[in-house]
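Participant: Only the shape, not the letters, is given here:
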C-alpha cells in the first residue's frame, strides 16, 4: 500500500465516508443525526471540502459502526 | 476492539505519535523537519492538546513511515 498524499486525503476521506454511508442505506440526514454534526457539514465532508479533525473523524466512524482504522484501510487499498 | 471516544482521541493520537517517534529514536525536531510542522505543534499534538486535521495526520504518519490505518490500529488495540 503506497503512502497517502496529504493533498488528496480530504477527497479520499469524503469518498470513503460516502461509500460506507450508502452501503448502510443511510441518508446524510441520518448520519448528521447520529453524529450531532450538521447535514451540510456532512455533505461538504463527502465532497472533499473539509479538512476533518480527529474528534469528527471518530464521530463519523462510530456513527457508521466502523473502526477509524478500517476507514483509512479502505482509502489505502484504494477501494 | 471497542469504538473510540471522540473525547479521548486527542490524547490517544498524541500518545501513539510519541510512541512511534520514540521507537524510531527520532526527536520532535526531526519529526517537525520531516513534516514541515512546527516543533511546538508536534509537542502539543503529543500532549493531546491538538485536534489534528486529516492533512496533518497524513503528514505525521508518512514522516513516521507508518500507514494512517496502522496509527489508529495502535490506538484501537490500546497499545
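Facilitator: Structure's in. What do you need? Since the model is a prediction, treat every value here as computed from it, not as a measurement.
Participant: wait, what's in contact with the residue lying closest to residue A:36 once chain neighbours are set aside?
Facilitator: Of all residues not flanking residue A:36 in the chain, residue A:59 sits nearest, at 6.9 Å (CB to CB, 6 or more residues apart in numbering or on different chains). (Each C-beta comes from the backbone N, C-alpha and C, glycine too.) Residue A:59 sits next to A:35-37, B:6 when contact means CB atoms under 8 Å, 6 or more residues apart in numbering or on different chains.
Participant: got the buried residues for the strand or helix carrying residue A:29?
Facilitator: Element membership of residue A:29, judged by DSSP states H and E, is helix A:28-35. Neighbour-count burial for helix A:28-35 flags A:28, A:31-32, A:35 (criterion: 16 or more other CB atoms under 10 Å in any protein chain shown).
Participant: Which pLDDT value does the model give the residue nearest to residue A:36?
Facilitator: In this model, residue A:59 is scored at 97, pLDDT.
Participant: Checking it next. Helix, strand or coil?
Facilitator: Secondary structure, DSSP: H, G, I helix; E, B strand; the rest coil: residue A:59 is helix.
Participant: can you give me the offset of the following helix or strand past the helix holding residue A:29 from its chain's centre?
Facilitator: Once helix A:28-35 ends, the next helix or strand along the chain (criterion: DSSP H and E) is helix A:39-46. How far helix A:39-46 lies from its chain's middle: 10 Å, per CA atoms, centre = their mean, to the nearest Å.
Participant: Report the mean per-residue pLDDT for helix A:39-46.
Facilitator: 98.
Participant: Quick one: name the residues of chain A near chain B.
Facilitator: A:1, A:3-7, A:9-10, A:13, A:51-59, A:61-62, A:67-70, A:72-73, A:75-76 (CB under 8 Å from any CB of the partner chain).
Participant: Quick one: buried ones out of those residues?
Facilitator: A:4, A:6, A:9-10, A:13, A:52-59, A:61-62, A:67-70, A:72-73, A:75-76.
Participant: center of chain A - which residue?
Facilitator: Taking CA atoms, centre = their mean, the centroid of chain A lies closest to residue A:17, which sits 2.9 Å from it.
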